[in-house]
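K.L.:
Got a sequence here, can you model it:
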Amino acid sequence: MKFKSTRGSEELLFSAQAISQGIAKDGGLFVPIEIPQVDLSEIALLEKMSYAERAEYILKFFLTDYTAQELQYCTSQAYSQDNFSEPIAPVVSLEENLSVLELWHGKTSAFKDMALQILPYLLTVALKKETSAKKLLILVATSGDTGKAALEGFKDVAGTEIIVFYPVDGVSDIQKLQMTTQAGENVHVFAVKGNFDDAQTGVKEIFANQNMAESIEKLGYQFSSANSINWGRLVPQIVYYFSAYIDLVKQKSIKLGEQVNFCVPTGNFGNILAGYYAKLMGLPVHKFICASNLNNVLTDFINTGEYNRNREFYKTNSPSMDILISSNLERFLHQITGDSSLVAKYMQELSQKGYYKIAGQTLEKIKEVMQAYCFDEAQTEKAIADVYATKKYLLDTHTAVAYLAAEKYQQETADKTHTVVLSTASAFKFSQDVLKALKQDITGLDSFQQNDLLEKLTAQPTPARIKYLKTAKVLHEQIIDKQEMLAAIKAVL
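P.N.:
Sure thing, here's the model as predicted:
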């Protein structure tokens, strides 16, 4: 299978080339030229497979230039006991028609591990296929979780250097420590004065800077990305939608062929887009529910057709969703419209004016598969408290937003379809806000004392790799202006 740009360039690449390149030369994102189909009999085969085997089975439909042996190597290495506790992506029942898909049992206690543990293997295999002597310079902009997961995945991987940019005041204390204490000969971390959109825009502009690309090529490097703009980051996320579905069948929560809903806390639109690709492949999905915090640009878009980033930016208690420019929406628009020139027009308008508007049949198509809701911090806190009080289940702040959206959707529509809420992070990464929601006094307590209190209160253990941070040495302390990102890269090289 080959991949093309969302913006219409004639460049056609096999998956290994698209993954190593990261982003198309015209600034667009790579998408498959066709969507492979999987029928119910093939989905049924997943039931007796391990998660690694499920990943190998699904990925082969898109990564057709990887051999069976290469895919088996990538999946077995990524989804190992060293990287994940078992079960890797469990589905936990909360109510008769509501379950939670826990995606935070990896090294960094966030769902980004599900893709970022396998991406380094996909990339290194891709480089061998290209027989290139170049090293990869991996650039990452993060709103919190992607950065640590990428650093952990790429640390000391031969032939790579990885540079992560995060908003200096836009991540939790634990997220910041996870990044600034990261060891590895090839890892570099910079705090950026600004928000996530500033960091992400900076990275995209650097990718599009032809002079910089030529400069690093002379030094023996080529750019690539570990953000979900890279197809190699997005495609592994399709797997856990299939995995969750067959686990629901296995648990007898649904019958094979029965439709389900997925409710996703959404910032950059990659996680929910992976689910949409799973639906296009044949997974029986009725509706996707897009959940946002106060930065509700996606909710407004899905409800009105207008995407407008010209609005106030809020720092919330769900910081990984504090985003106003959702990169993967570009792929979704390409799939919905089938018109790359129109997508290029929308992206140009977004860049130059900060907004674009869709209408008519395009908006109707989106509303057929998507419903969107947003919630503020007080509502998020109440959801955490209510769910713990009634179900003894501990939500992090992002999952709480999705829980609220699922609840509101069911109330508004009376839809009895089994709904799966995607849980994207451990509550111990956001203990300050979780404890606040549980009405605990945290005056004078640091992040680790807060985790100790949360552990004592709930009788749930703090993930070991979060506890480790208490004694970890801070190795990365540089804070830069957003205009200095290019200079920071040059300094690293």
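K.L.:
Please point out which parts of the lengthiest helix in the chain sit buried.
P.N.:
As assigned by DSSP state H, the longest helix anywhere in the chain is helix 231-250. Buried residues in helix 231-250, counted by 16 or more other CB atoms under 10 Å: 231-249. No exception for glycine: its C-beta is placed from N, CA and C like everyone else's.
K.L.:
And for stretch 275-291?
P.N.:
Residues of stretch 275-291 classed as buried by neighbour count (16+ other CB under 10 Å): 275-285, 287-291.
K.L.:
Over to stretch 198-211?
P.N.:
By neighbour count with 16+ other CB under 10 Å, stretch 198-211 contains the buried residues 198, 199, 200, 201, 202, 203, 204, 206, 207.
K.L.:
repeat for stretch 141-153
P.N.:
Going by neighbour count (16+ other CB under 10 Å), the buried part of stretch 141-153 is 141-153.
K.L.:
before we move on, what about stretch 345-353?
P.N.:
Of the residues in stretch 345-353, 346, 347, 350 count as buried by neighbour count, 16+ other CB under 10 Å.
K.L.:
which one of those sits closest to residue 67?
P.N.:
Of all the buried residues of stretch 345-353, residue 347 has the smallest distance to residue 67: 35.2 Å, by CB to CB.
K.L.:
so what's that closest one closest to, chain neighbours aside?
P.N.:
Of all residues not flanking residue 347 in the chain, residue 330 sits nearest, at 6.1 Å (CB to CB, 6 or more residues apart in numbering).
K.L.:
Same question for residue 36.
P.N.:
residue 61 (3.8 Å).
K.L.:
And residue 181, by the same measure?
P.N.:
Counting by CB to CB, 6+ apart, residue 181 lies nearest to residue 472, which is 3.8 Å off, once chain neighbours are set aside.
K.L.:
So the one you found versus residue 435, what's the distance?
P.N.:
Residue 472 is 22 Å from residue 435, where distance means CB to CB, to the nearest Å.
K.L.:
Looking at those two, which is more packed in?
P.N.:
Legend: neighbour count by other CB atoms under 10 Å for residue 472 and residue 435, higher for residue 435 (20 against 14).
K.L.:
Now tell me what touches the helix or strand hosting that one from outside.
P.N.:
If you go by DSSP states H and E, residue 435 is part of helix 431-437. Residues outside helix 431-437 that contact it (CB atoms under 8 Å, 6 or more residues apart in numbering) are 172-174, 317, 380-385, 394-397, 400, 427, 442, 447, 450-451, 453-454, 457.
K.L.:
so who does the closest residue to residue 155 other than its chain neighbours touch?
P.N.:
Distances taken as CB to CB, 6+ apart put residue 184 closest to residue 155, at 3.2 Å, once the chain neighbours are dropped. Counting by CB under 8 Å, 6+ apart, residue 184 touches 151, 154, 155, 156.
K.L.:
before we move on, the earlier item: buried stuff in the helix or strand just after the helix holding residue 435?
P.N.:
Next helix or strand after helix 431-437 toward the C-terminus (DSSP H and E): helix 447-458. Going by neighbour count (16+ other CB under 10 Å), the buried part of helix 447-458 is 447, 448, 450, 451, 452, 453, 454, 458.
K.L.:
In JSON lines: those, plus distance to residue 50 and pLDDT.
P.N.:
Output for the buried residues of helix 447-458, formatted as JSON lines (distance: CB to CB, whole Å; pLDDT from 0 to 100):
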{"residue": "447", "distance to residue 50": "35", "pLDDT": "94"}
{"residue": "448", "distance to residue 50": "34", "pLDDT": "95"}
{"residue": "450", "distance to residue 50": "35", "pLDDT": "97"}
{"residue": "451", "distance to residue 50": "31", "pLDDT": "96"}
{"residue": "452", "distance to residue 50": "34", "pLDDT": "97"}
{"residue": "453", "distance to residue 50": "36", "pLDDT": "97"}
{"residue": "454", "distance to residue 50": "31", "pLDDT": "97"}
{"residue": "458", "distance to residue 50": "30", "pLDDT": "95"}
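K.L.:
out of those, who's nearest residue 489?
P.N.:
Closest to residue 489 out of the buried residues of helix 447-458 is residue 447 (30.2 Å), distances taken as CB to CB.
K.L.:
Return the distance of the closest one relative to residue 174.
P.N.:
6 Å.
K.L.:
And residue 25, by the same measure?
P.N.:
Residue 25 is 38 Å from residue 174, where distance means CB to CB.
K.L.:
of these two, who's got more company?
P.N.:
Ranked by neighbour count (other CB under 10 Å), residue 25 and residue 174 place residue 174 first, with 24 against 14.
K.L.:
Tell me who's in contact with that one.
P.N.:
With contacts defined as CB under 8 Å, 6+ apart, residue 174 is in contact with 428, 429, 430, 431, 447, 451, 466, 469.
K.L.:
Let me know the pLDDT of the closest residue to residue 90 other than its chain neighbours.
P.N.:
Counting by CB to CB, 6+ apart, the nearest residue to residue 90 once its immediate chain neighbours are dropped is residue 102, at 5.2 Å. pLDDT recorded at residue 102 is 98.
K.L.:
Report whether the expected contact of residue 331 with residue 7 is present.
P.N.:
No. If you go by CB atoms under 8 Å, residue 331 and residue 7 don't touch, sitting 11.0 Å apart.
K.L.:
neighbour-wise, which of those two wins?
P.N.:
The neighbour comparison of residue 331 against residue 7 (other CB under 10 Å) goes to residue 331, with 25 against 22.
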